[in-house]
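Enquirer: Below is the sequence, then the predicted model.
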Number of protein chains: 2
Amino acid sequence: MQGVTGPGLRERKKQRTRDALLRAALELFTTKGYEETTVDEIVEAVDVSQRTFFRHFAGKQEAAFAMQEMVEERFVRALRERPAHEGPFAALRGAVLGSWDAVGESIEAVVPVELHMRTYQMIESTPSLLAVHLRRSIEREEQVAGIIAEREGVDLATDPRPRVAVAAFGGVMRVTGRQWGAGKDISVDSIRAITESYLDHLGPTLADDWRER
Amino acid sequence: MQGVTGPGLRERKKQRTRDALLRAALELFTTKGYEETTVDEIVEAVDVSQRTFFRHFAGKQEAAFAMQEMVEERFVRALRERPAHEGPFAALRGAVLGSWDAVGESIEAVVPVELHMRTYQMIESTPSLLAVHLRRSIEREEQVAGIIAEREGVDLATDPRPRVAVAAFGGVMRVTGRQWGAGKDISVDSIRAITESYLDHLGPTLADDWRER
DNA sequence: TGTCAACTGTCAGTCGCTGACTCTAGCCTC
DNA sequence: GAGGCTAGAGTCAGCGACTGACAGTTGACA
C-alpha cells in the first residue's frame, strides 16, 4: 500500500518478542537482581520457550548489555560523523553529549529510559557483569582509538596518542558513570551534566590540534 | 618431636590435594584451553571427587586466578614493608620488582614458574578470564591506593593523588603484561626487564615526594 | 582407646546453554 | 488463491558448572 514497504509481519513479530524478552529481563534483573533471576523466569514472563530466548540472545549476559550495545553503537556512529575540523577531544565530547541527547528516541523505542538507567546501575553493582563491562570498555576503546587515528591521519601502530587520548577519555567516562550511579538523580539530564563537567576538566589537556604545530 | 610443630598431617594432606588440583587445572587450562577443560577432567587427573574440587576452589575461575592471588598478596605485603622514606612511586616500583625476585620461592613451591607464566598468557587470551582479570585489577588498585594514602598521610576521600598514581601505575603494569605476553621470551627475567623499562618512563612524573613541597 | 571433627565421597538437583528434531505460519510463486 | 518454501518458535534430551544433604573415613586429641 505504501511506497516504502517496511519489514514484513514475520520480522515485526520477531522484533516484538525480542523487545518483550529484553524488557522482561531488565525489569527482573533490576528488581530482584541479576544472579537471582533465572532465564526460565524471563521466558515465563513473556510466555515463550527457553529456546527462543537463546535464539535472540547468546546468553543471559548479552541481554543485560543489549542496551549498552545500542547506545555505544550510536556513539561510534556519531563520532564518525563529526566534522573533520574538530580535534580529537572536541569530537569525542561532541559525540558523547550528542548520544545522550539522542537517547530519548533510540532507547525509549525499546525500553523505558528509566529502566535503562537502572540497568546501568545494576551492571556496576553486579560483580560478574562489572567484569564483562570492563572488558567491553577496553575493546570499545580500541575501536574508538582506531577512528581517532584515522581522523587525525596518524598511524595507530607507531603513534601512542590516539590510544592515550581515548584511554584518558574512557577513564573519565568510567568515573562519570560511577559517580552518577552512586548519586540519587537517575536522570539523563543528570548524567549529561556530570559528563560535561568532568570532561571540562580533561579538556585543556587534549584540546590542542595535533595537526597544527 | 621438633621444637616447631608445623601443620599436622591432615593439614598437609589437604594442602597437597589443593596443590595437585591446581597444577592439574593450570596444566589442562594452558594446554587444551580454559573453556575446553571440564572440572571432571581436572578431578580425574588427580583422582578425587568433583565435590572436593569445589571445596578447595569456589569455582573453575578461582583456580585460574589462584597463583595471581598469591603473587598479588605478596606484592601488597612487600608494599607495606617498604621503608617509610620512599615516595609512592619508589615504593610501588620496589614492591613490584621485589615481588618478581621472590617469585621463585613463593611460586615454585606450588607450581612450576613456567606454568604460572603460561597461565598468565592464557588469562589474557581467554575473554571470560580477561574480564575477571580487569575487575580484579581495579579492586586491587583500590586497595593499593588505600595503602599509598596511608603511607603518605593523605586522605583518600579528598585527595585524588593516591588513586591517580596507582591508576597510572596499574595502567603501566597492564601494558607491561600484555607486551610480555605477546613476546616470545616467557621468562621471569624478561617480564622483570620490561617492567623496569616501562616504569622508568613513568618514573619522572611520579617520583617527587608529596610531603616535600 | 574412644570420641570428635575435618576432609572427602556420593547422590540428587538447579541453572545456563546447545543440538536435533518437529511444527507452525508468513512469504512468494504460479 | 493453492501450494511449496523457509524462518522462527516449541519440544526434548543432554552437557557442564555448581550446590545442598547425607554418610564414610581418618587425623587429632583428651
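Expert: That came through, no problem.
Enquirer: Run through the residues that contact A:Met122.
Expert: Shown in contact with A:Met122 (C-beta atoms under 8 Å, 6 or more residues apart in numbering or on different chains): A:29-30, A:33-34, A:64, A:129. Yep, even glycine has a C-beta here, placed from its N, CA and C like the rest.
Enquirer: Oops, could you answer that again for A:Val39 instead?
Expert: By C-beta under 8 Å, 6+ apart, A:Val39 lies in contact with A:50, A:53-54, A:60.
Enquirer: Would you format those as a markdown table with secondary structure included?
Expert: As requested, these are arranged in a markdown table below (DSSP: H, G, I helix; E, B strand; the rest coil):
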| residue | secondary structure |
| --- | --- |
| A:Gln50 | helix |
| A:Phe53 | helix |
| A:Phe54 | helix |
| A:Lys60 | helix |
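Enquirer: returning to what we had before: what about burial for the contacts of A:Met122, which qualify?
Expert: The neighbour-count test (16 or more other C-beta atoms under 10 Å in any protein chain shown) marks A:29-30, A:34, A:64, A:129 as buried among the contacts of A:Met122.
Enquirer: Mind putting those into TSV with distance to B:Ile107?
Expert: Converted to TSV, the buried ones among the contacts of A:Met122 look like this (distance: C-beta to C-beta, whole Å):
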residue	distance to B:Ile107
A:Phe29	40
A:Thr30	42
A:Tyr34	35
A:Ala64	36
A:Leu129	32
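Enquirer: A:Gly94: which element?
Expert: Assigned by DSSP states H and E, A:Gly94 belongs to helix A:88-108.
Enquirer: and that helix, which residues are buried?
Expert: Buried residues in helix A:88-108, counted by 16+ other C-beta under 10 Å: A:88-96, A:98-100, A:103, A:107.
Enquirer: before we move on, what about stretch A:172-182?
Expert: Neighbour count says stretch A:172-182 has A:172-173, A:176-177, A:180-181 buried, by 16+ other C-beta under 10 Å.
Enquirer: and what of stretch A:11-27?
Expert: Buried, per 16+ other C-beta under 10 Å, within stretch A:11-27: A:17-27.
Enquirer: How about the helix or strand hosting A:Ile42 and DNA strand C, any contact?
Expert: Element membership for A:Ile42 (DSSP H and E) is helix A:39-46. Yes: Helix A:39-46 is in contact with DNA strand C by C-beta under 7 Å from any atom of the strand, via A:39-40.
Enquirer: all helices of chain A, in order?
Expert: Along chain A, counting by DSSP state H, helices occupy A:9-32, A:39-46, A:50-56, A:60-80, A:88-108, A:113-125, A:127-152, A:161-182, A:188-206.
Enquirer: what's the closest of those to B:Val113?
Expert: Shortest distance between B:Val113 and the helices of chain A, using C-beta to C-beta, is found for helix A:127-152: 26.9 Å.
Enquirer: Check which helices and strands that closest one is in contact with.
Expert: If contacts are counted by 3 or more C-beta pairs under 8 Å, 6 or more residues apart in numbering or on different chains; DSSP states H and E, helix A:127-152 sits against helix A:60-80, helix A:88-108, helix A:113-125, helix A:161-182, helix B:127-152.
Enquirer: Next, the buried residues of the shortest one.
Expert: For helix A:113-125, a neighbour-count test (16+ other C-beta under 10 Å) marks A:113, A:115-120, A:122-124 as buried.
Enquirer: Name the nearest of the buried ones among the contacts of A:Met122 relative to chain B.
Expert: Chain B lies nearest to A:Leu129 out of those, by C-beta to the nearest C-beta, at 9.5 Å.
Enquirer: which non-adjacent residue is nearest that closest one?
Expert: Leaving aside its sequence neighbours, A:Leu129 sits nearest to A:Ile123 (C-beta to C-beta, 6 or more residues apart in numbering or on different chains; 4.5 Å).
Enquirer: same question, A:Asp159
Expert: A:Ala149 (7.0 Å).
Enquirer: so what's that neighbour up against?
Expert: Taking C-beta under 8 Å, 6+ apart, we find A:Ala149 in contact with A:155-156, A:159, A:162.
Enquirer: correct me, but the residue nearest to A:Leu129 touches A:Ala64?
Expert: Yes: with contact defined as C-beta atoms under 8 Å, A:Ile123 counts as touching A:Ala64 (6.5 Å).
Enquirer: Just list what the lowest-mean-pLDDT helix or strand in chain A packs against, helices and strands only.
Expert: Least confident helix or strand of chain A, by mean pLDDT, DSSP states H and E, is helix A:188-206 with a mean of 77. Packing contacts for helix A:188-206, counted by 3+ C-beta pairs under 8 Å, 6+ apart, involve helix A:88-108, helix A:113-125, helix A:161-182.
Enquirer: give me that answer again for 7 Å
Expert: Applying 3 or more C-beta pairs under 7 Å, 6 or more residues apart in numbering or on different chains; DSSP states H and E, we find helix A:188-206 packed against helix A:88-108, helix A:161-182.
Enquirer: tell me the mean pLDDT over the shortest one?
Expert: In this model, helix A:88-108 has an average pLDDT of 87.
Enquirer: Make JSON lines out of the buried residues of helix A:113-125 and add distance to A:Val76.
Expert: Formatted as JSON lines, those follow (distance: C-beta to C-beta, whole Å):
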{"residue": "A:Val113", "distance to A:Val76": "20"}
{"residue": "A:Leu115", "distance to A:Val76": "23"}
{"residue": "A:His116", "distance to A:Val76": "18"}
{"residue": "A:Met117", "distance to A:Val76": "21"}
{"residue": "A:Arg118", "distance to A:Val76": "24"}
{"residue": "A:Thr119", "distance to A:Val76": "20"}
{"residue": "A:Tyr120", "distance to A:Val76": "18"}
{"residue": "A:Met122", "distance to A:Val76": "24"}
{"residue": "A:Ile123", "distance to A:Val76": "19"}
{"residue": "A:Glu124", "distance to A:Val76": "22"}
